[in-house]
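J.: Give me a model of this one.
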Amino acid sequence: MSHSPDFPSNAPSGATLLVALVEGYVGMSGGRRAEDTRQFIELFGQLIEDVDVFTRAVVAQKLAPHPDVPLSVLIRLASDEDFAVAEPVLADAAQLPGGLVDILSAGADVMIRRILARRKDLTDAQVSLLTIDQDPEILAILGPRAATALPAEAPAPSPAPAEVGHDLRFLAGDRSMRGLLLNEAIQLTGPAPSQISSERLTTLVRAATLRRLDLLAATFAELSGLRADLVEALFEDDGGEPLIVLCRHVGLGEEAMAQIMARAAPQVGEVVDQMFRLRALFRSLSADAAATMIAVMQEEWAPVPRHAPQVAPGRVVADAEPQQANRVQTALHAIKA
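T.: Presented below is the predicted three-dimensional model:
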């Protein structure tokens, strides 16, 4: 039986290509050039999206012990929705940043914290954070270290909405205010937003790669209904949540989102612990939740910019004006409607 030359019978599958790529990278001797690492990151991002859980777990196990795995690759594996993939990275990755371990030890799901408890490089402070709720399995894993750990202070509870008064803001509010609105939004369950067209995706990724932030903002504005000047301001936001909401709303996939964040908002997109948290937020937003937060941003920024988003240190922006009570009520109504 003959086969079409376009589809050879012996063509390697995506899983085979990914495993070969990883084995070639970890087996490379004599040092790696920057170009080698760049190509590895690019090909890895393309192939990982279309392979099964078993293959992702295999490559995670191969990459975790190596000290020079690019952080973007580690983030992708450590934040995988399947624990079979995330576990070897969280437990054994040789260069998992201490800041990320701190954050996850303090506030991650108990399953992730049980995995982290197996790490050999935990500091005394991280052990204390892991033992704060006295989970029996974590205590058993840590053994004698759990008994000698200093008690960690429990994080202060977030203020309830009734205690906050009339200062709930998303773009210019402090971290707790922003968190309150997002926590309300993610209760809106439902399907993920429809996927963006390949043509629009290409335009966004190309504009981000070339650092054409004006074109990137104009395209995002056209897709979302937000003003282009607001979108450009979001690129400088120091928290990243509004830009994550925008990426989710227009239908980007997770890897395209991470690629755009790294280029358009490097103060967030290149920080491993920030992106781990933001990837989780990205997955949690349904179409309704993302659309609701876009409506809140439109209300807060119309008819003229009223607030400056939180920005990275050293960037100069206008001072945020106090939000009026009637605008707060409108935003809250949008969340709870």
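
J.: Report the next helix or strand after the lowest-mean-pLDDT helix or strand in the chain in sequence order.
T.: Between all helices and strands in the chain, the lowest mean by mean pLDDT, DSSP states H and E belongs to helix 161-164, at a mean of 35. Per DSSP states H and E, the first helix or strand lying C-terminal to helix 161-164 is helix 175-185.

J.: For the helix or strand just after that next one, name the packing helices and strands.
T.: Downstream of helix 175-185, the first helix or strand assigned by DSSP H and E is helix 198-209. Counting contacts by 3 or more CB pairs under 8 Å, 6 or more residues apart in numbering; DSSP states H and E, helix 198-209 is packed against helix 213-224, helix 254-264. To be clear about C-beta, it is placed using only N, CA and C from the backbone, and glycine gets the same treatment.

J.: what angle do the strand or helix carrying Leu47 and helix 254-264 make?
T.: If you go by DSSP H and E, Leu47 is part of helix 34-48. Helix 34-48 and helix 254-264 meet at an angle of 150 degrees, taking axes from the mean of the first three to the mean of the last three CA atoms, to 10 degrees as the criterion.

J.: What about Ala117, how many residues nearby?
T.: Each residue near Ala117 was counted by other CB atoms under 10 Å, and the total is 24.

J.: Please give me every residue in contact with it.
T.: Neighbouring residues of Ala117 by CB atoms under 8 Å, 6 or more residues apart in numbering: Leu130, Ile138, Ile141, Leu142.

J.: for Phe83, same thing?
T.: Residues near Phe83 by CB under 8 Å, 6+ apart: Met111, Ile115.

J.: which stretches of the stretch 1-150 of the chain have low pLDDT?
T.: 1-12, 29-30, 99, 107, 149-150 (pLDDT under 70).

J.: residue ranges for the helices of it, please.
T.: Assigned by DSSP state H, counting those that start in this stretch, the helices in the stretch 1-150 of the chain fall at 14-26, 34-48, 53-63, 71-78, 83-92, 98-107, 110-116, 124-130, 136-142, 144-148.

J.: Show me what the helix holding Leu47 is packed against.
T.: When contacts are defined as 3+ CB pairs under 8 Å, 6+ apart, helix 34-48 sits against helix 14-26, helix 71-78, helix 254-264.

J.: Figure out which of the ones you listed is closest to Arg114.
T.: Among those, helix 71-78 comes nearest to Arg114, with 14.7 Å by CB to CB.

J.: name the helices or strands packed onto that closest one?
T.: Judged by 3+ CB pairs under 8 Å, 6+ apart, the packing partners of helix 71-78 are helix 34-48, helix 53-63, helix 83-92, helix 254-264, helix 272-284.

J.: Dump the C-alpha coordinates for it into PDB.
T.: Only the C-alpha atoms of helix 71-78 are listed here, as PDB (Å, rounded to 0.1, in the frame of the first residue of the first chain):
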ATOM      1  CA  LEU A  71      12.800  28.700  34.100                       C
ATOM      2  CA  SER A  72      10.000  29.100  31.600                       C
ATOM      3  CA  VAL A  73      10.100  25.400  31.000                       C
ATOM      4  CA  LEU A  74      10.100  24.600  34.700                       C
ATOM      5  CA  ILE A  75       7.100  26.900  35.200                       C
ATOM      6  CA  ARG A  76       5.200  25.100  32.500                       C
ATOM      7  CA  LEU A  77       5.800  21.700  34.000                       C
ATOM      8  CA  ALA A  78       5.400  22.700  37.600                       C
END
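
J.: Helix 98-107 and that helix, what's the angle between them?
T.: Helix 71-78 runs at 20 degrees relative to helix 98-107, counting by the same axes, to 10 degrees.

J.: Contacts made by helix 71-78 with the rest, please.
T.: If you take CB under 8 Å, 6+ apart as the criterion, helix 71-78 is touched by 40-41, 44-45, 48, 56, 59-60, 63-64, 85-86, 89-90, 93, 95-97, 100, 255, 258, 262, 272, 275-276, 279.

J.: low pLDDT regions in the stretch 201-337 of the chain?
T.: Within the stretch 201-337 of the chain, the ranges that satisfy pLDDT under 70 run 301-337.

J.: try 90 this time
T.: 225-227, 229, 237-239, 254-255, 268-281, 283-337 (pLDDT under 90).

J.: circling back: determine which two of the contacts of Ala117 are furthest apart.
T.: Distance extremes for the contacts of Ala117: the farthest pair is Leu130 and Ile141 at 8.8 Å, using CB to CB.

J.: what about the two, which has more around it?
T.: Shown here are Leu130 and Ile141; by other CB under 10 Å, Leu130 has more neighbours (29 against 18).
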